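K.L.:
need a structure here:
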Amino acid sequence: MRILSLPVLGLVLLALSTSAFASGKHMVTYTSKQDFEFVKSAINEAIIEKGLVINTTSHIGDMLERTGAVVKNAKHIFNKAESYEFCSATVSRLTMEADPHNIVFCPYIISVYVLPNEPNKTYISFRKPEADDASPASKLALMQVEKLLRSIVEEAIQ
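P.N.:
Numbers count the residues shown, from 1 in each chain. I've put the predicted structure just below:
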């Protein structure tokens, strides 16, 4: 049996994790033909209509543009990109009562972004709140988080 060197093993693991990420296992992505500003407003309204408060708006696209000048060979990644951070006391409590370690799933974040090569398509994404080794109660609670996130996005893009 041949043993892989650490650098080769690292590349193999990176390739595997990249394909898992690309397959959507760890995230849910929707698209809309509406422009960024429309989708951004609709997501914000859908969050607020659920009685939730947006704690932070992260201007990720702007930050990457600002810092691109100091990074050698930096490419233009997004035309626009923002993420909205919020929480639900009800759903978060359910999740953490099932397992206090589920604190890592709170707050929830929904990202809205436009790619340079697809200027007429707006993406809306969030991380899937899953834990492979979770108890049945924890898995059920995490499903409620995903249900909440899906309902916000689907309400915003309908």
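K.L.:
low-scoring stretches of this structure, by residue?
P.N.:
Applying pLDDT under 70 to the chain flags the ranges 1-24.
K.L.:
I'd say Ala74 and Met63 touch.
P.N.:
No: in this structure, Ala74 is not within contact of Met63 by CB atoms under 8 Å, at 12.0 Å. The way it works is simple: take the backbone N, C-alpha and C, and place the C-beta from them, glycine included.
K.L.:
which helices and strands does the host helix or strand of Ile152 pack with?
P.N.:
Using DSSP states H and E, Ile152 falls within helix 136-157. Packing partners of helix 136-157 (3 or more CB pairs under 8 Å, 6 or more residues apart in numbering; DSSP states H and E): strand 27-32, helix 36-49, helix 89-98, strand 108-114, strand 122-127.
K.L.:
Could I get these in TSV, plus columns for mean neighbour count and distance to Ala81?
P.N.:
Output for the helices and strands packed on helix 136-157, formatted as TSV (neighbours: other CB atoms under 10 Å; distance: least, CB to CB, whole Å):
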stretch	mean neighbour count	distance to Ala81
strand 27-32	15	13
helix 36-49	18	9
helix 89-98	17	25
strand 108-114	21	4
strand 122-127	20	9
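K.L.:
between the ones you listed, which gets nearest to Met143?
P.N.:
helix 89-98 (9.8 Å; CB to CB).
K.L.:
helices or strands next to the closest one in the packing?
P.N.:
By 3+ CB pairs under 8 Å, 6+ apart, helix 89-98 packs against helix 136-157.
K.L.:
so the helix it packs on versus strand 108-114, what angle?
P.N.:
Compare the direction of helix 136-157 with that of strand 108-114 by axes from the mean of the first three to the mean of the last three CA atoms, to 10 degrees and you get 40 degrees.
K.L.:
ok, and for helix 136-157, which residues are buried?
P.N.:
Judged by neighbour count using 16 or more other CB atoms under 10 Å, the buried positions of helix 136-157 are 138-139, 141-142, 144-146, 148-149, 152-153, 156-157.
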